[in-house]
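> sequence and computational prediction follow.
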Number of protein chains: 2
Amino acid sequence: MNKAYLSLERHFARLSSLNDALGILGWDKEVMMPSGAAERRAENLAMLEGLRHEILTAPIMADLLGQADAGDDVWRAANLEQMRRQHAQATALPGDLVEASAQATARCEMAWRTAREESDFKSLEPHLAEVLRLTRESARATGEAVGLNMYDALLDSFDPGTRQTDIDPIFTSLAASLPELIGTVLERQKSLPAVLSPTGPFPVAQQEALGRRLMQRMGFDATRGRLDVSAHPFCGGATHDVRLTTRYVESDFIPALMGVLHETGHALYELGLPAQWASQPVGQSGGMTLHESQSLLMEMQFCRSAAFAGWLAPQVRAGFGVADDAAGWDAASLHRHLTHVEPGFIRVDADEVTYPAHILVRYELEKALISGDLALADLPAAFNTRLHALLGLSVPDDRRGCLQDIHWPAGLFGYFPCYALGAMTAAQLRNAACAANPAILPAIGQGDFAPLLAWLRQNVHGRARSASMAQIVNDATGKPLDASAYLNHIRRRYVDRAPDA
Amino acid sequence: MNKAYLSLERHFARLSSLNDALGILGWDKEVMMPSGAAERRAENLAMLEGLRHEILTAPIMADLLGQADAGDDVWRAANLEQMRRQHAQATALPGDLVEASAQATARCEMAWRTAREESDFKSLEPHLAEVLRLTRESARATGEAVGLNMYDALLDSFDPGTRQTDIDPIFTSLAASLPELIGTVLERQKSLPAVLSPTGPFPVAQQEALGRRLMQRMGFDATRGRLDVSAHPFCGGATHDVRLTTRYVESDFIPALMGVLHETGHALYELGLPAQWASQPVGQSGGMTLHESQSLLMEMQFCRSAAFAGWLAPQVRAGFGVADDAAGWDAASLHRHLTHVEPGFIRVDADEVTYPAHILVRYELEKALISGDLALADLPAAFNTRLHALLGLSVPDDRRGCLQDIHWPAGLFGYFPCYALGAMTAAQLRNAACAANPAILPAIGQGDFAPLLAWLRQNVHGRARSASMAQIVNDATGKPLDASAYLNHIRRRYVDRAPDA
């Protein structure tokens, strides 16, 4: 490598510190910040975003990128490529557009909280229109700079390298299979004997203690992260300081517990990224699809498996101080609850069978919003029509319809596909992991995640952004991503009721 | 005002956002951060400090400051003056010195934690030597730029306008009176009839609930701040988001409770600063002496008064679920505990009578360290000698001697005097407030802080940095700061046992 490249590493290390600051401030906003500070915090975050943009687009950057030579090292070369990508995306956007977007989304998020509560799309519409306008402006500018259409430019910002043309065939095959598959699953479910439910209340302190024990079993290092409570569970924080959240209800322990396992999957990915590249672009995770694959691999593929339920049931009984022979607390009943399928309105509450339907709706609609084919005023009706077509449900109000998610108010267009792609990736990775090391599934049945984590560290986490998502998936699983592993998994777990599914 | 001035306001608003980010990250470091993130956080904070320095010293700043005209408005004129002051201080320091200092203090703070625990000055010495070296280098550079000697340059960075020549006569009169006064107070205390102590344990949840109720009575707006726990209580956070901490022990509720009242005094000052100047230098608090005066006015002057103890005692009994006639829980006993005097080794545990002695020791030693008259290796012995001279105590180990405070390891030389000056200022302000509005003290006796807060808002908080500390004290109390109000207060409360003291 040459001097210019080394100088770039120093500049990007500073940006990495700024990203960390934004990560902690973003976490704090959701978990700690008093309500009266919201407006000021929005200004602060917008300012820091602006500063990041300013550093990234400073004239020296273009000079250094022009002169930089990363040498023969694969990681350095990938690092330089990521630097160029970030720089190209940033220089495409004028600083005032970046700050305007940050402020508009902050305002829109605030308006959304009230609008959702009151199921009042009209009150959100002007704010969302402004966010959409600025998002389209940004997507057009970025797209032009890097030779992508608007929606691909948005996709690429969350999932480097993923294009609409990659997604369409996968989602088309999903859309073709899903309604019938859901019907079959629901029929099969009806045929199963009834099981009892554990009865609450489930004290929050006990739920939390159980969650922390499971995090530890999964390999989460408590000196490098936290578990807290927020209205909307997420995994955030900073380098070496990964912070996940959940939310508790005393009437049911499964949502919070599964939330913890899900977010721990994200956290293990972050904590498994190579430390020596932590402050460089190549050291970051390989995009949102891979990230979501890690949470779903843990939560859906393994922690809702029959094997894991066998180990989990006694842990749960001990956690809530229940006798070993208590009715409804056995492994089989627990597994039935963990794999219960029921079409519903709310995406984040959906089971893994109906979940992709929620994504298909949003994918289609956000493409149309970005292209201009769908007017914002028509969004609620279009949302309800599509959900009905895929899940057979009539959305009763916008709170349970197009107002349920924060993504669009937060300017996150092009993000939703990653959730479904992540589910497919998780299924494909599970097959590959279990084939590579047959000890993985039996170990999970003993609450031992070490063999799985070792495989993930080597095949996913440790590779960070040194190769594209497609390459990492291909290397790890021996083939490109498609929907077959996911569909096969659903059939085996929910129709065949295979004991190892 | 002219365009250049308005442009400066925009630049300083960005700096204000950066300060807020540093405030929240600093709070997080003490309250939330997992231990494994310490090193990375230190890098992140150093980087943000470097960024702040870079913005403040950018060539455009000098140009704008040269052209700026603030017009006739007193606040704008004071704002411009503060901008010039910050700029002069910053430009005096090269960026690499700022980053080196931030990193050295971060490392030194970490070393200090172990060194203090193990009472091992030798292990701290090389780190502290480096911090001292960089502090002296900074003080010399800043001092040369603004025409101050090294120690005055340090003082000025915490307490704008305060000089060694202001402090020396005040501290000389203190040092002359204090040892004898302490002796008289202790003699008088011996003559008092014995009182019972409330017996614990005092559950943390009840202590916290009581603290929160008192914060609310004092006028703290819970939508603009937080109360948490940290190893070392402080008041930090950001604009409109003031975060205070305390620490609880179950064997005694008074330290945590008084800690909360103390930090709430700081918080009320921050929350009382004029909102329209929040993002400008003139909108900041008027330095550390005024800040400390606000915490001590609340804690020492009012909340440890006999009048307040009369209102507090039933609150405390209710808070811990104790009968009204329980022995040791009456107002007189509580007041005796709140005003108990006992010379000790630890500054932060000291009562208000012996407290200034701890400051006199540190003031003298840090002046000598900065001037070079005292070698670092000789610090422990010098510390012990001086403390013995003033308080008659033989320091048994450095943990309870020169290793007890984080200030020097954190690079905070020139900070200690503010604590004692704050105590004098608090006494002088109390006299002025009670003279201006005779309803203040009786209201405090009813747990009503509104009249006091109204006076403080007008005479201290609302003035922010629109005038110098000396001017604000003079305007509010009718005379320059001296030790007489403080010494008189000590005599009236601890020797005369005056019922209104």
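Sure thing, it's come through.
> give the buried residues for the helix or strand where A:E187 lies.
Using DSSP states H and E, A:E187 maps to helix A:164-190. Buried residues in helix A:164-190, counted by 16 or more other C-beta atoms under 10 Å in any protein chain shown: A:164, A:166-167, A:170-171, A:174-175, A:177-178, A:181-182, A:185, A:189. Just so you know, the C-beta spots here come from the backbone N, C-alpha and C atoms, and that holds for glycine as well.
> could you point out the helix or strand that follows it?
Tracing the chain past helix A:164-190, the next element assigned as helix or strand by DSSP H and E is helix A:204-218.
> give me the contact list for that next one.
Identification of contacts with helix A:204-218 by C-beta atoms under 8 Å, 6 or more residues apart in numbering or on different chains yields A:222, A:227, A:246, A:248, A:250, A:253, A:256-257, A:260-261, A:264-265, A:267-268, A:298, A:315-316, A:319-321, A:447-449, A:453.
> report the buried members of the residues you listed.
Applying 16+ other C-beta under 10 Å to the contacts of helix A:204-218, the neighbour count classes A:227, A:246, A:248, A:253, A:256-257, A:260-261, A:264-265, A:267-268, A:298, A:316, A:319-320, A:447-449, A:453 as buried.
> which of those residues are close to chain B?
Among the buried ones among the contacts of helix A:204-218, no residue sits close to chain B (C-beta under 8 Å from any C-beta of the partner chain).
> in helices, which of those residues fall?
A:256-257, A:260-261, A:264-265, A:267-268, A:316, A:319, A:453 (DSSP state H).
> could you point out which of these is nearest to chain B?
The nearest member of these to chain B, counting by C-beta to the nearest C-beta, is A:A267 at 11.6 Å.
> quick one: classify the spatially closest residue to the closest one that is not a sequence neighbour as helix, strand or coil.
Sequence neighbours aside, A:V242 is the residue nearest to A:A267 in space, at 4.4 Å (criterion: C-beta to C-beta, 6 or more residues apart in numbering or on different chains). Under DSSP: H, G, I helix; E, B strand; the rest coil, the three-state class of A:V242 is strand.
> so what's the residue count around the residue of the stretch 51-200 of chain A found nearest chain B?
Nearest residue of the stretch 51-200 of chain A to chain B, counting by C-beta to the nearest C-beta: A:L51, 7.0 Å away. The tally of other residues near A:L51 (other C-beta atoms under 10 Å in any protein chain shown) stands at 24.
> would you confirm that it contacts A:L15?
No - with contact defined as C-beta atoms under 8 Å, A:L51 and A:L15 do not form a contacting pair (9.7 Å).
> quick one, strands of the stretch 201-350 of chain A?
Using DSSP state E, counting those that start in this stretch, the strands of the stretch 201-350 of chain A run over residues A:225-229, A:235-238, A:241-246.
> quick one on the thing from earlier: pLDDT added to the ones in helices among the buried ones among the contacts of helix A:204-218, as TSV?
As requested, these are arranged in TSV below (pLDDT from 0 to 100):
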residue	pLDDT
A:A256	96
A:L257	97
A:V260	98
A:L261	98
A:T264	98
A:G265	98
A:A267	98
A:L268	98
A:V316	97
A:G319	97
A:L453	98
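> which of these sits closest to B:L56?
Closest to B:L56 out of those is A:A267 (36.9 Å), distances taken as C-beta to C-beta.
> how close does that closest one sit to A:H240?
Using C-beta to C-beta, to the nearest Å, A:A267 is found at 12 Å from A:H240.
> any residues in contact with both of these two?
By C-beta under 8 Å, 6+ apart, no residue touches both A:A267 and A:H240.
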